[in-house]
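Visitor: My questions concern the predicted model and sequence given below.
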Amino acid sequence: MSEVLAHRSRALTPAETEELLRDRLGDGVLRSVVEYGMFTLWIDPSAWVEAATRCRDERLLGYDMFDSLFGVDAREAGFDVVAVLYSTSTGNRIVLRVRCEGGRDAPTLPSLSEVYRGANWMERETFDMFGVDFTGHPGLEPRILTVENFEGFPLRKDFHLAARVAKPWPGVAEPVELDEEGNVIEREVGLGDAPGPYELDKAMAAQAQQVNAPPAPAVQPEAGADDDDADPSAEVTASATATGATAGSDAPAAQAPVDEDRAARAKAKADERRRKQAEARAAKAKARAERAAGGEAPDAAPPSDTAADTTAADEPTTSAPAEAAPGASPDAGPDAGATEEASDDAAGTDASSAATSTPEDDRAARAKAKAEERRRKQAELRAARAKARADREDGEDDA
Amino acid sequence: MSDLDLAQQVLPATAPGEGIAVELVGNGDMQTADMSLSIGEAHPATHGVFRIVLEMDGERVVDAHPVIGYMHRGFEKLAEHRDYRQIKALVNRHDWLSGFSNELGVALVVEKLMEFEVPDRAQWIRMLLAEWNRILNHLMFIGSYGLELGAITPMFYAFREREDIQALLESATGGRLHFTYNQVGGLKIDLPKGFLHESARVSKVTRERLPDYFDLVLGNEIFQARSKGVGPLPMDVGLSIGVTGPTLQATGLPEDSRATEPYLKYGELDVEVPVGSNGDAYDRFSCLLHRIRVSLDLIDQIHDHIPPGPVNSKLPKMVKAPEGATYVRTENPLGQLSYWLESDGGRNPWRLKMRTPSFSNVQAIPYLMRGQLLPDAVSILGSVFFVVGDIDR
């Protein structure tokens, strides 16, 4: 039985190791990096084998265990090869790193298989994955992991993952990348940016548009103004279909849902105004009746449908589109930010309208408050639904 | 003429063994044609799709060429297309007998690159489950090695224990094979109520049954005859190849990252490293068996250490590692598992290298088999404990 870490007290620090190897290899040592507890020494390709041999044989270093060897794509510069060595006597680990000669076209590097036995298969794997030709290796062929007639080198960044090309990532729902001020960061597509899970938001949306775009529902804005019962559930379902359609479909198909949403809002607004007017009129009539005679007090509420007719006729629709626009923007999608914006916006318009309108009556004001309450609730409901959808997509993503 | 008479005419009556020239085989003087024998890729002794081509001279193996890659699934490429949090679902599949330990490695390497502090409780629980996972793995190999040498009882025994441990891990993680219990920043959820109590019970039961294995397998004459002196591996050769785990410890070197490069909280525990003497199949198996005992010791120590507190920490919505590269070594059941994680500052790894123990250990097989007899080839194959998915990734 032998010992491990017998020379731990004599272990060289990274600086001393670098000094020693610089002394032995001269310009063969390019630079050193110590990050995240790893000591990396960049080696010139001409000194690659010599560096490994020194690491193994120098008594002070004693890197006796061959840990690992693998390639890393270095973008336009070609390919790096990394060898990790470990010393069982000192407990030190060193990372030797080299940039292969020959760029991306014909990367070559001298083989370490004569220095460490374990380099044999590791180099075969690196050849298989990156196409690095190790000179002096006993036999890089046949390919060690892929099939013999495999074309290309799969771990190069310009080798695209076939599964991602054929079929987008299932499930998206990853938020876009934002900087401190909340602007969307657009990344430049560089070498190796194969379509990953995040790029596929757009692809998925485009696909979904083509496949799932529902036929534009024919909703007449005027149709809503005629029926006078202001059923909140009907409004909710109308807006639900509207938002559901907007999130799933793209710009051209979203035109119809926008109209529909606008119609629903216009209808709500008309209903509200109608009720307000009816109430005001009733209050006025009541006051008049009370003033006229104390005895026979007629419950003089004028028929609401006549009021509705008159209001519907001269109902202005100017404010409706402005209010409908943010909530129904076609590219809002399941983004939390957009829904927040929408609800904020809704609240803002409510406040402004409350400020401009002069309350003629207590009851009228209360009615208006109620209507606003309902509108807010609607906005919240929509936001909640959008969030639920986002969550669900999140869940699918995890699954 | 009867059959017996015919036989006596053809074969003269002699005492057993008399008159038969005994030749020493394997000196290259057997007048056999060059024979190459292909074992696998679907042979029971290779437990998976692994093929080995033996060049034979009579009964003697002249050279061996392992053929790997039948299960290559491109995990390193796939990992480059996934979020840091999603990789764990990939890595617990390369060595499917040690899913928890694999996830642990990835969680550690991402945390190291992000310089993330993990709550103490999470670290202790990670160690506890990693040790249980190690025992699960070792029991499987104890069963399968016996099977390869013609004994089926160890397999039955091993599965009895495995079932208890599986149930234990399932109660915490919900999984039996692919746990996905580790997360970047901690664990998925806390342990269920009563887990430590149950864990202590299973530990006690397993410890009580452990002598059965020592008697039944290590003490078995047939087992000893089939494994002692078979496929010895010198220490320097093993280090040069990069073998780790029981295969390296059998050569006499107490190299185990839990003891020499402690990660998590292993530095606070006494980790005994069992070693062999000459690195043969018997020593490898013996180390494996002793490692179960060491893991049980560790589990008992860990039970006393687990502090209260949170088991995970809040992650940013977008997990991004800063630019740079790092390397984390953990002691997987089969040996050293390391991940090299290189990031370009984006949301996916730029490069995730999986340095798996099986890949390096299997590389020693040609060395071990040269000059051995064919029946011993199976014994060697079983004693270099490997999982095919771990070789091919």
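Guide: That came in fine, so what should we check first? Numbers count the residues shown, from 1 in each chain, chains lettered A, B, ... in the order given.
Visitor: all strands in the stretch 101-250 of chain B, in order from the N-terminus.
Guide: Here the stretch 101-250 of chain B has its strands, by DSSP state E, counting those that start in this stretch, at B:182-183, B:186-187.
Visitor: Indicate which one of those strands is closest to chain A.
Guide: In terms of CB to the nearest CB, the element of those nearest to chain A is strand B:182-183, at 11.7 Å. Where C-beta positions appear, they are placed from N, C-alpha and C, glycine not excepted.
Visitor: who's in contact with that closest one?
Guide: B:85, B:88, B:100, B:103-104, B:106-107, B:126, B:188, B:312 (CB atoms under 8 Å, 6 or more residues apart in numbering or on different chains).
Visitor: Go through these and say which is closest to chain A.
Guide: Closest to chain A out of the contacts of strand B:182-183 is B:Arg85 (9.1 Å), distances taken as CB to the nearest CB.
Visitor: On the pLDDT front, check residue 79 for me.
Guide: Unless you meant another one, I'm taking chain A. At A:Phe79, the model reports a pLDDT of 91.
Visitor: The intended chain is chain B.
Guide: You'll see B:Ala79 listed with a pLDDT of 87.
Visitor: Please tell me I have it right and it contacts B:Leu90.
Guide: Yes: at 5.8 Å, B:Ala79 counts as touching B:Leu90 under the criterion of CB atoms under 8 Å.
Visitor: So which bits of the stretch 201-350 of chain B are right by chain A?
Guide: For the stretch 201-350 of chain B, the residues in contact with chain A (CB under 8 Å from any CB of the partner chain) are B:235-237, B:239-242, B:252-255, B:259-261, B:275, B:277, B:317-318, B:324-327, B:329, B:336, B:338, B:340, B:342, B:347-348, B:350.
Visitor: Helices - which of those residues land there?
Guide: B:235-237, B:239-241, B:259-260 (DSSP state H).
Visitor: Selecting buried members of those in ChimeraX, what would you type?
Guide: A single ChimeraX command selects the buried members of these (16 or more other CB atoms under 10 Å in any protein chain shown):
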select /B:235,237,239,240,241,259,260
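Visitor: Reformat the ones in helices among the residues of the stretch 201-350 of chain B next to chain A into TSV and put pLDDT next to each item.
Guide: Shown next, in TSV, are those (pLDDT from 0 to 100):
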residue	pLDDT
B:Met235	88
B:Asp236	88
B:Val237	90
B:Leu239	90
B:Ser240	90
B:Ile241	91
B:Ala259	88
B:Thr260	87
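Visitor: could the ones in helices among the residues of the stretch 201-350 of chain B next to chain A go into a markdown table alongside distance to A:Lys157?
Guide: Shown next, in a markdown table, are those (distance: CB to CB, whole Å):
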| residue | distance to A:Lys157 |
| --- | --- |
| B:Met235 | 40 |
| B:Asp236 | 38 |
| B:Val237 | 36 |
| B:Leu239 | 34 |
| B:Ser240 | 32 |
| B:Ile241 | 30 |
| B:Ala259 | 39 |
| B:Thr260 | 36 |
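Visitor: just to revisit the earlier point, single out the most deeply packed of the strands of the stretch 101-250 of chain B.
Guide: Of the strands of the stretch 101-250 of chain B, the one with the most neighbours on average (mean count of other CB atoms under 10 Å in any protein chain shown) is strand B:182-183, at a mean of 26.
Visitor: Give the partner strands of that strand in its sheet and their orientations.
Guide: strand B:186-187 (antiparallel) (DSSP bridges).
Visitor: Averaged pLDDT, the strand it pairs with. What do you get?
Guide: On average, strand B:186-187 scores 87.
Visitor: do stretch B:267-278 as well
Guide: pLDDT averaged over stretch B:267-278 gives 88.
Visitor: What of stretch B:94-109?
Guide: Per-residue scores along stretch B:94-109 average to 90.
Visitor: Does that stretch reach chain A?
Guide: No: contact of stretch B:94-109 with chain A (CB under 8 Å from any CB) is absent, the minimum separation being 9.5 Å.
Visitor: Run the chain-centre distance for that stretch.
Guide: 13 Å (CA atoms, centre = their mean, to the nearest Å).
Visitor: Distance check, the residue nearest in space to the middle of chain B against A:Arg265.
Guide: Nearest to the geometric centre of chain B sits B:Leu334, at 2.9 Å (CA atoms, centre = their mean). Note on B:Leu334: its distance to A:Arg265, by CB to CB, to the nearest Å, is 65 Å.
Visitor: Once you drop chain neighbours, what's closest to the residue nearest to the centre of chain B?
Guide: B:Pro357 (4.3 Å; CB to CB, 6 or more residues apart in numbering or on different chains).
Visitor: Equivalent analysis for A:Ala77, please.
Guide: With sequence-adjacent residues excluded and distances taken as CB to CB, 6+ apart, A:Ala77 is closest to A:Arg99, at 6.2 Å.
Visitor: and if you look at A:Asp73?
Guide: A:Lys157 (4.6 Å).
Visitor: Give me the pLDDT for that neighbour.
Guide: For A:Lys157, the pLDDT comes out at 82.
Visitor: Surely it is in contact with A:Gly78?
Guide: No: checked against CB under 8 Å, the pair A:Lys157 and A:Gly78 is beyond contact range at 11.5 Å.
Visitor: Could you check how far B:Glu41 is from chain A?
Guide: Counting by CB to the nearest CB, to the nearest Å, the gap from B:Glu41 to chain A is 13 Å.
Visitor: Wasn't that residue part of a helix?
Guide: No: applying DSSP: H, G, I helix; E, B strand; the rest coil, one finds B:Glu41 to be coil, outside a helix.
Visitor: Would you check that it makes contact with B:Tyr70?
Guide: Yes: using CB under 8 Å, B:Glu41 is in contact with B:Tyr70, at 5.3 Å.
Visitor: Would you mind grabbing the residues shared as contacts by those two?
Guide: Common neighbours of B:Glu41 and B:Tyr70 (CB under 8 Å, 6+ apart) are B:49-51.
Visitor: What about those residues, which are in strands?
Guide: Cross-referencing those against strands under DSSP state E gives B:Arg51.
Visitor: So which of the shared contacts of B:Glu41 and B:Tyr70 is surrounded by the most neighbours?
Guide: Counting neighbours by other CB atoms under 10 Å in any protein chain shown, B:Phe50 comes out on top of the shared contacts of B:Glu41 and B:Tyr70 with 27 neighbours.
Visitor: so that one touches B:Pro66, yeah?
Guide: Yes: shown here, B:Phe50 and B:Pro66 form a contact pair, counting by CB under 8 Å, at 7.1 Å.
Visitor: Which neighbours do these two have in common?
Guide: Joint contacts of B:Phe50 and B:Pro66 (CB under 8 Å, 6+ apart) are B:Val362.
Visitor: so who does B:Ser343 touch?
Guide: Counting by CB under 8 Å, 6+ apart, B:Ser343 touches B:113, B:320-325, B:349-350.
Visitor: Just put those in TSV and tack on neighbour count and pLDDT.
Guide: Below are the contacts of B:Ser343 laid out as TSV (neighbours: other CB atoms under 10 Å in any protein chain shown; pLDDT from 0 to 100):
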residue	neighbour count	pLDDT
B:Leu113	23	87
B:Lys320	16	79
B:Ala321	27	81
B:Pro322	12	84
B:Glu323	13	85
B:Gly324	16	86
B:Ala325	25	89
B:Pro349	27	87
B:Trp350	20	88
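Visitor: from these, which is closest to B:Ile391?
Guide: B:Pro349 (21.6 Å; CB to CB).
Visitor: Now distance to chain A and pLDDT too, for the shared contacts of B:Glu41 and B:Tyr70, in a markdown table please.
Guide: Compiled in a markdown table, the shared contacts of B:Glu41 and B:Tyr70 are given as follows (distance: CB to the nearest CB, whole Å; pLDDT from 0 to 100):
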| residue | distance to chain A | pLDDT |
| --- | --- | --- |
| B:Val49 | 13 | 84 |
| B:Phe50 | 13 | 86 |
| B:Arg51 | 12 | 87 |
